[in-house]
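Student: here are the coordinates; sequence isn't available:
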């Protein structure tokens, strides 16, 4: 059974930093894209960032320059470092695995359960 488990969400002040991680089990995502999406109540899920199988990274315009996505193939884990956070970054953050381009479409084969990120102004 494939599982993606996020950790590291929480409360941060605007301008602050927070890191979330997601560890996969049940299969390896080596060579596959791993990414992050987010969703707020009443809105559609939104693409945040993806690290491709080759290590190339892709970001939504809204987080470019502030967020950094990375991965550990050995640990089967994807990370998202969020800096200079804004109130509009508050959302439930979901990791996803084996995503297919275009990544903004959210076509991924595996999803985590989500972790809440709250940004206070």
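Tutor: Okay, I see it. Here the structure is a predicted model, which is why all the values come from computation and not from measurement.

Student: contact partners for the residue nearest to the spatial centre of the chain?
Tutor: Of all residues in the chain, the one closest to the mean position by CA atoms, centre = their mean is residue 36, 2.2 Å from it. Going by CB atoms under 8 Å, 6 or more residues apart in numbering, residue 36 touches 20, 22, 48-50, 69, 78, 80, 93-96. Where C-beta positions appear, they are placed from N, C-alpha and C, glycine not excepted.

Student: what helix or strand is it on?
Tutor: Following DSSP states H and E, the helix or strand that holds residue 36 is strand 33-39.

Student: who does the helix or strand that that strand is followed by pair up with?
Tutor: Note on strand 33-39: by DSSP H and E, the next helix or strand toward the C-terminus is strand 46-51. Taking DSSP bridges as the criterion, strand 46-51 forms sheet pairs with strand 33-39 (antiparallel), strand 57-59 (antiparallel).

Student: which stretch among these is buried most, on average?
Tutor: A comparison of these by mean neighbour count, using mean count of other CB atoms under 10 Å, puts strand 33-39 on top with a mean of 24.

Student: so which of the contacts of residue 36 is the most crowded?
Tutor: residue 95 (30 neighbours; other CB atoms under 10 Å).

Student: per-residue confidence for that residue?
Tutor: If you check residue 95, the pLDDT there is 98.

Student: and the closest residue to it other than its chain neighbours, backbone torsions?
Tutor: Nearest residue to residue 95, sequence neighbours excluded (CB to CB, 6 or more residues apart in numbering): residue 22, at 3.3 Å. Backbone torsions for residue 22, taken as degrees, to the nearest 10, come to phi -150, psi 120.

Student: quick thing: my sequence starts at 52, can you match it?
Tutor: Okay, using 52 as the starting number, the last item reads as residue 73.
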